[in-house]
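Participant: could you look at this predicted model? Sequence included:
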Amino acid sequence: MFQVLVADSMSHEGLQPLLDAKNVNIVQKKVEEVEDDLHLFDALLVRSATKVTESLLTRMTSLKIVGRAGVGVDNIDVDAATKKGVVVINAPDGNTISTAEHTFAMMASLVRHIPQAYVSVKSKEWNRNAFVGAELYGKSLGIIGFGRIGSELAKRARAFGMTVLVFDPFLTRDRAEKIGVKGCSIEDILANSDIITVHTPLTKETKGLLGKVNIGKTKKGVYLINCARGGIIDEEALIQYLENGHVRGVALDVFEVEPPVNSKLLEFDNVITTPHLGASTKEAQLNVATQVSKEVLHFLEGKPVTSSINLPTLTKELFEKIQPFYQLGKKMGNIVSQCMREPVQEIAIQYEGSVAELETSFITKSLLAGFLSARVDSTVNEVNAGMVAKERGISFSEKISSNQSGYENCISVHVQGDHKSFEIKGTHVPNYGERIVGINDFNIDFIPTGYLLYIQHQDKPGVIGRVGKVLGDHKINIATTQVGRKEKGGEAIMMLSFDRSLDEELIDCLKSFEDILSIRTIDL
Ligand SMILES: NC(=O)c1ccc[n+]([C@@H]2O[C@H](COP(=O)([O-])OP(=O)(O)OC[C@H]3O[C@@H](n4cnc5c(N)ncnc54)[C@H](O)[C@@H]3O)[C@@H](O)[C@H]2O)c1
Ligand SMILES: O=C(O)CC[C@@H](O)C(=O)O
């Protein structure tokens, strides 16, 4: 009999697949209430309230799977779960419509002062002049993060006659055109939107995305909305811009700390809030609970799961053989993503030599995960990478070729974007490790690890020396250097590695050199 702990409140109807299963016993209690029995549970189902920490995972010694009835898994220590061999699944699209509708409701409430007017009428006032609002019609809505929720919101905004501007590193021209929105840079969104709403996950890239600098670039009188995750809009900066009147109004469903009992934001009349209600509809809760219940049951019964966000389903033996290429693939994907910072439509992977005899689809997924994780968040991995890539309109293919690389094994990747393409080659040498041996037709040889600087430059005397001098002047120690060129005096590349990351100011200084064509930092 499998023991399943449902630790947060969940739709009873949605739990029916588990309740109906003859081999499952469900306990619906908070973690604190079953502290002594934690070691008995095979599965744990949560929403966002229960924090699935490393310590909780350690105490749940029989745990095999965690099911998150919702999208964000920021309340689950996925790395710790992965290390312990615990599968984490979520319900990625069950609450999309509810959250998009909630965001829309917040937007309408914000520009028409509905919450403030409600409170006023309830206090027996009848003050029509105090709540004159604005129409949504004809306004520009900037959507940052154009995944499931962002796209659903865009459809609704267009139906209201709004101009929709969208920023998402994954948005390709094709996808934008299909949905009828305008893909643009974040700078365009900041400068031209009347209302800006964020729909990204909370990652190290999106934390504070709307902070002191970026809010300062918005139109005076802008409205801001966050129904994604607290922290994407920096609360301290937001308070400053509310105080100086730059931001006209804010709608928040989520906060850096929830509940936000001590937050100064609650003191502003033009900040409207809900207590993380985006997904709180009967429909969404039924959807997400049903999705995770079915998946958990499948998993416990030994059937495949489709929405796992951490573990690959490989046998240990096969995994050991693939492991070195798996790692190499992930790093190559990550390098490509960081070098090619523009929308990508196609990723073509070619395998040559001994690696081609292995189950390459796993390496492909690992490579995609490396590529996507540099853009999405840490929850994209080899299990869901293919699905996420397709959702983002990125096609990928793999080809097995006869070995013409000159190496015992070789993985080549060609990435095609809207305006540019990028190529990289890697190999794994037994007892020696992984090497990147080609970039865009340049032969090179470096270990993909640490902090790297990829510089394209003219092959002229003194360029390498000048770079070295500036780094030296800033007390930056170069750990390794690799250079490559195709012909004397033509285009050349440098790959430098460091023990620590380089600051923006230094990169800007290097970029200003005449013979430097481009610079990319790569953090592996
Ligand atoms: N308020 C709620 O109750 C509630 C409910 C559901 C989801 N959420 C939050 O909403 C978020 C979005 O959900 P979704 O289902 O649309 O996820 P999604 O993965 O479909 O979409 C997220 C999008 O953000 C984009 N993105 C990532 N980094 C970016 C960056 N730096 N700049 C711009 N775009 C970036 C990704 O490319 C992706 O398209 C979730 O991560 C979750 O945290 C909140
Ligand atoms: O469980 C909830 O209600 C919140 C869910 C939401 O934040 C999510 O990420 O799916």
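Facilitator: Nice, thanks for sending it over. Since we're looking at a predicted model, the values are computed, not measured. Numbering: from 1, shown residues only. Ligands and ions are numbered 1, 2, ... in the order given.
Participant: with adjacent residues omitted, what lies nearest to whichever residue of the chain sits closest to ligand 1?
Facilitator: Closest contact between the chain and ligand 1, by Cβ to the nearest ligand atom, is at Gly147 (1.8 Å). C-beta: built from backbone N, CA, C; applies to glycine. Once flanking residues are discounted, Gly147 sits nearest to His199: 6.5 Å by Cβ to Cβ, 6 or more residues apart in numbering.
Participant: quick one: contacts for that neighbour?
Facilitator: Residues near His199 by Cβ atoms under 8 Å, 6 or more residues apart in numbering: 103, 143-147, 149-150, 153, 227-228.
Participant: apply 6 Å and report the result again.
Facilitator: His199 makes contact with 145, 149-150, 228 under the criterion Cβ atoms under 6 Å, 6 or more residues apart in numbering.
Participant: flag every residue of this protein that's near ligand 2.
Facilitator: By Cβ under 6 Å from any ligand atom, the residues of the chain that approach ligand 2 are 47-48, 70-72, 95, 276, 278-280.
Participant: buried subset of the residues you listed as a ChimeraX selection?
Facilitator: To isolate the buried members of the residues of the chain next to ligand 2 in ChimeraX, using 16 or more other Cβ atoms under 10 Å:
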select :47,48,70,71,72,95,276,278,279,280
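Participant: just the element for Glu346, please.
Facilitator: Of the helices and strands defined by DSSP states H and E, Glu346 is found in strand 344-353.
Participant: mind listing what's buried in the lengthiest helix in the chain?
Facilitator: Ranked by number of residues, the top helix in the chain under DSSP state H is helix 316-339. The neighbour-count check on helix 316-339 (16+ other Cβ under 10 Å) flags 321-322, 324-339 as buried.
Participant: what about that helix, near ligand 1?
Facilitator: No: applying Cβ under 6 Å from any ligand atom, one finds helix 316-339 out of contact with ligand 1, separated by at least 11.5 Å.
Participant: tell me which helix or strand comes right after the one helix or strand Ala237 maps to.
Facilitator: Using DSSP H and E, Ala237 falls within helix 235-243. Next in sequence after helix 235-243, counting helices and strands by DSSP H and E, comes strand 247-252.
Participant: how far does the following helix or strand past that following strand sit from the chain's center?
Facilitator: Counting by DSSP H and E, the next helix or strand C-terminal to strand 247-252 is strand 271-273. In this view, strand 271-273 has its centroid 26 Å away from the chain centroid, taken as Cα atoms, centre = their mean, to the nearest Å.
Participant: strand 271-273 - what's its average pLDDT?
Facilitator: The predicted model assigns strand 271-273 a mean pLDDT of 98.
Participant: what lines up beside that strand in the sheet?
Facilitator: According to DSSP bridges, strand 271-273 forms sheet pairs with strand 247-252 (parallel).
Participant: residues contacting the partner strand, please?
Facilitator: In contact with strand 247-252 (Cβ under 6 Å, 6+ apart) are residues 106, 110, 221-226, 241, 270-273.
Participant: could you do stretch 487-496 as well?
Facilitator: Outside stretch 487-496, the residues that touch it by Cβ under 6 Å, 6+ apart are 442, 446, 453-457, 459, 478, 481-485.
Participant: please apply the same query to stretch 294-302.
Facilitator: Applying Cβ under 6 Å, 6+ apart, the external contacts of stretch 294-302 come out as 2, 17-18, 21, 43, 65, 67, 89, 305, 307.
Participant: let's see 8 Å
Facilitator: The contact list for stretch 294-302, computed with Cβ under 8 Å, 6+ apart, reads 2, 4, 17-18, 21, 23-24, 42-43, 45, 64-65, 67, 87, 89, 304-307.
Participant: and the residues you listed, which of them are buried?
Facilitator: The neighbour-count test (16+ other Cβ under 10 Å) applied to these identifies 2, 4, 17-18, 21, 24, 42-43, 45, 64-65, 67, 87, 89, 305, 307 as buried.
Participant: in helices only, show me those.
Facilitator: Those of the buried ones among the contacts of stretch 294-302 lying in helices (DSSP H): 17-18.
Participant: ok, so of the buried ones among the contacts of stretch 294-302, who is nearest Leu524?
Facilitator: Val87 (26.0 Å; Cβ to Cβ).
Participant: how about Asp74, phi and psi?
Facilitator: Phi and psi for Asp74, reported as degrees, to the nearest 10, are phi -70, psi -10.
Participant: returning to that earlier point: just the mean pLDDT for the longest helix of the chain, thanks.
Facilitator: So the average pLDDT for helix 316-339 ends up being 86.
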